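K.L.:
Sequence plus the predicted model coming up.
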2 protein chains.
Amino acid sequence: MLKAFMEREKLLVEEKLFFYLETLEIPGVLHEAMHYSLSAGGKRIRPFLAIAVSQLLGKEKEEVMPYACALEFIHTYSLIHDDLPALDNDDIRRGKPSSHKTFGEDVAILAGDALNTDAFSILFKHGYGNFKKGGEYLADAIGGRGMVLGQVKDCKIPEDERTIEVLNDINYFKTARLIMASTSGAAAWLDAKDSVIKALDNYGLNLGLAFQIADDILDITSSTEELGKTVGSDASLSKMTYPSLLGLEEAKKKAFEHSQIAVSALDVFEESDWKKVLSELAEYVVRRKK
Amino acid sequence: MLKAFMEREKLLVEEKLFFYLETLEIPGVLHEAMHYSLSAGGKRIRPFLAIAVSQLLGKEKEEVMPYACALEFIHTYSLIHDDLPALDNDDIRRGKPSSHKTFGEDVAILAGDALNTDAFSILFKHGYGNFKKGGEYLADAIGGRGMVLGQVKDCKIPEDERTIEVLNDINYFKTARLIMASTSGAAAWLDAKDSVIKALDNYGLNLGLAFQIADDILDITSSTEELGKTVGSDASLSKMTYPSLLGLEEAKKKAFEHSQIAVSALDVFEESDWKKVLSELAEYVVRRKK
């Protein structure tokens, strides 16, 4: 069921994503660079999560779409800036040259900046949700106390602090916060009650951590072709990863544990197709091959 | 009168600016880098404009403060990214080493990203204005159809298009849009009626253009000590400026013209101290020595 749902929603997300982009009326190379990175593919998991949450809560998809697409703008901006020479210095992203390789570092920095800001433009221009609650959740999850903090922590790990606690802390900020913004943040945007937000916080947190550990594992077990980025790029930068700290088998076990906690967090919701899909997604992220 | 008002409001702005920053609870070097650039000084003209507009409209200052400080976060992020080696490559900003010189390029990029996002965090967390109208104005003014577009245009001027029309276009996006967000955007945030927003759009636009032309003039007439940045840095990059295209005298005349249009745009408002202050400000920006 998951696969069919993901494929269907991906079409909707991409239609809306580029519709919203065009409403911003951005000309020239800046538009080109934003479009290039937004259309580089990916599974659109974050918008998919936001849509799933809207359906779990019995809302219209239309209500969540500006928020869902804002998440993809933000995810895309974070990849562009993460790939920059001063950060991870990655030349390939999703099988294509990364933004700074194609447009130059100046335009890549600015395209990332525009995607960051215009995520909020879309929310304000097209959205009619709970701005105060949903906006605060989103901005908090991605700013200096969220995703960006995770990137700073990732850049600045002292050699003598390569522990699992430090790695958990980095991944919480760098990856899980934006996933949580896609689940509980979407619920806040849709004005859900606090108990629902709490359950989805727990789901998103554990899904995010499972996702990150699985990513680390894929980085050493997959081939470049399957992954669409330079395999072993984390290892070659001698980055701290779950397999490097725990070994491959323990890392797999850890990912599975988080995936199971995510599934359990959904217990508070009544049975439905969308609940089943969110369950399957939590199991899928640790099984995927790319 | 202007000087006394600016000094008084600057104290209030800086108190709030750092109060809001602390509420974000950002730890370590990221906090340090954000604080470093936020405290580098400057005249805080953008928050001052937002406060002035709130007073012109008879509102409480408290209502506009989150919006006013968001403007300063955004202005600060734009300076950090503008100074990066891939962009203007400026080593000095406001008399101190620029962010990437002090913290490295990686942290400078990320501190800029955090300030960009956390401008919205402050708005959502502490603000109770018209999110839809004010938020849209602000995001639109600074994203891919605003300030960032101006920066891209500034990076990518073809040699055969160094005309006054192109320069006006760059300055409209790069400088004037954020100034307009400080005047008419603040009015939108405070839920002002459209005729008020329109008048303040005209004021902000012409103030912004006068400001930019005066900045170009100062860059060639002032000393490094007075200006707190490397004098002639624009000229040495053979950037297109008003004096380089029009000559010094014509450029001065142009700045004066915009300043006078800005003053006239205030005609729709009743006489008051704050109207007088905004008038004086439009005249001050073209007379200032730094």
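P.N.:
Now that the structure is in, tell me what you want to look at. In this text the structure is predicted, and so the values were computed from the model without any measurement.
K.L.:
What residues sit buried inside stretch A:37-51?
P.N.:
Of the residues in stretch A:37-51, those with enough neighbours to count as buried (16 or more other C-beta atoms under 10 Å in any protein chain shown) are A:37-38, A:40, A:42, A:44-51. Where C-beta positions appear, they are placed from N, C-alpha and C, glycine not excepted.
K.L.:
so can I have TSV of those residues showing pLDDT and secondary structure?
P.N.:
Putting the buried residues of stretch A:37-51 into TSV (pLDDT from 0 to 100; DSSP: H, G, I helix; E, B strand; the rest coil) gives the following:
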residue	pLDDT	secondary structure
A:Ser37	98	helix
A:Leu38	98	helix
A:Ala40	91	coil
A:Gly42	88	coil
A:Arg44	97	coil
A:Ile45	96	helix
A:Arg46	98	helix
A:Pro47	98	helix
A:Phe48	98	helix
A:Leu49	98	helix
A:Ala50	98	helix
A:Ile51	98	helix
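K.L.:
And the pLDDT at A:Arg162?
P.N.:
At A:Arg162, the model reports a pLDDT of 85.
K.L.:
Contact partners for it?
P.N.:
The neighbourhood of A:Arg162, defined by C-beta atoms under 8 Å, 6 or more residues apart in numbering or on different chains, consists of A:240, A:245.
K.L.:
distance of it from A:Leu245?
P.N.:
If you measure A:Arg162 against A:Leu245 using C-beta to C-beta, to the nearest Å, the figure is 7 Å.
K.L.:
ok, now A:Arg177?
P.N.:
Where A:Leu245 is concerned, A:Arg177 sits at a distance of 21 Å (C-beta to C-beta).
K.L.:
Ok, A:Ala114 next?
P.N.:
Taken as C-beta to C-beta, the spacing of A:Ala114 relative to A:Leu245 amounts to 37 Å.
K.L.:
ok, those two, which is more surrounded?
P.N.:
For A:Ala114 versus A:Leu245, neighbours defined as other C-beta atoms under 10 Å in any protein chain shown are more numerous around A:Ala114 (31 against 16).
K.L.:
show me where pLDDT drops low in the stretch 151-290 of chain A?
P.N.:
Residues of the stretch 151-290 of chain A meeting the criterion pLDDT under 70: A:223-238, A:290.
K.L.:
how about the helices in it?
P.N.:
With DSSP state H, counting those that start in this stretch, the ranges of helices along the stretch 151-290 of chain A come out as A:164-171, A:177-189, A:194-221, A:224-227, A:233-236, A:242-246, A:248-265, A:273-284.
K.L.:
a markdown table please, covering these and showing distance to chain B.
P.N.:
Putting the helices of the stretch 151-290 of chain A into a markdown table (distance: least, C-beta to the nearest C-beta, whole Å) gives the following:
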| stretch | distance to chain B |
| --- | --- |
| helix A:164-171 | 11 |
| helix A:177-189 | 11 |
| helix A:194-221 | 15 |
| helix A:224-227 | 24 |
| helix A:233-236 | 16 |
| helix A:242-246 | 21 |
| helix A:248-265 | 24 |
| helix A:273-284 | 26 |
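K.L.:
Buried deepest among these, which one?
P.N.:
When these are scored by mean count of other C-beta atoms under 10 Å in any protein chain shown, the highest mean neighbour count falls to helix A:177-189 (a mean of 29).
K.L.:
Could you list every helix and strand that it packs against?
P.N.:
For helix A:177-189, the packing partners by 3 or more C-beta pairs under 8 Å, 6 or more residues apart in numbering or on different chains; DSSP states H and E come out as helix A:45-56, helix A:61-83, helix A:136-142, helix A:147-155, helix A:194-221.
K.L.:
ok, now with 6 Å
P.N.:
The elements that helix A:177-189 packs onto, with contact taken as 3 or more C-beta pairs under 6 Å, 6 or more residues apart in numbering or on different chains; DSSP states H and E, are helix A:45-56, helix A:61-83, helix A:136-142, helix A:194-221.
K.L.:
what comes into contact with it?
P.N.:
Residues from elsewhere that reach helix A:177-189, judged by C-beta atoms under 6 Å, 6 or more residues apart in numbering or on different chains: A:46, A:49-50, A:53, A:64, A:67, A:71, A:129-130, A:133-134, A:137-138, A:141, A:146-147, A:196-197, A:200-201, A:203-205, A:207-208.
K.L.:
do stretch A:163-175 as well
P.N.:
Counting by C-beta under 6 Å, 6+ apart, residues outside stretch A:163-175 touching it are A:149-151, A:153-154, A:208-209, A:212, A:240, A:245.
K.L.:
The same query, at a cut-off of 10 Å, please.
P.N.:
Contact partners of stretch A:163-175, identified using C-beta atoms under 10 Å, 6 or more residues apart in numbering or on different chains, comprise A:78, A:82, A:141-142, A:145-158, A:161, A:176-177, A:180, A:205, A:207-209, A:211-213, A:215-216, A:239-242, A:244-246, A:250, A:254.
K.L.:
repeat for stretch A:20-29
P.N.:
When contacts are taken as C-beta under 10 Å, 6+ apart, the neighbours of stretch A:20-29 outside the stretch itself are A:31-36, A:38-39, A:65-66, A:69-70, A:72-73, A:103-104, A:107, A:110-111, A:114-115, A:118-119, A:121-123, A:125-126, B:139-140, B:143-146, B:148-149, B:152-153, B:155-156.
K.L.:
Please consider this matter closed, and thank you.
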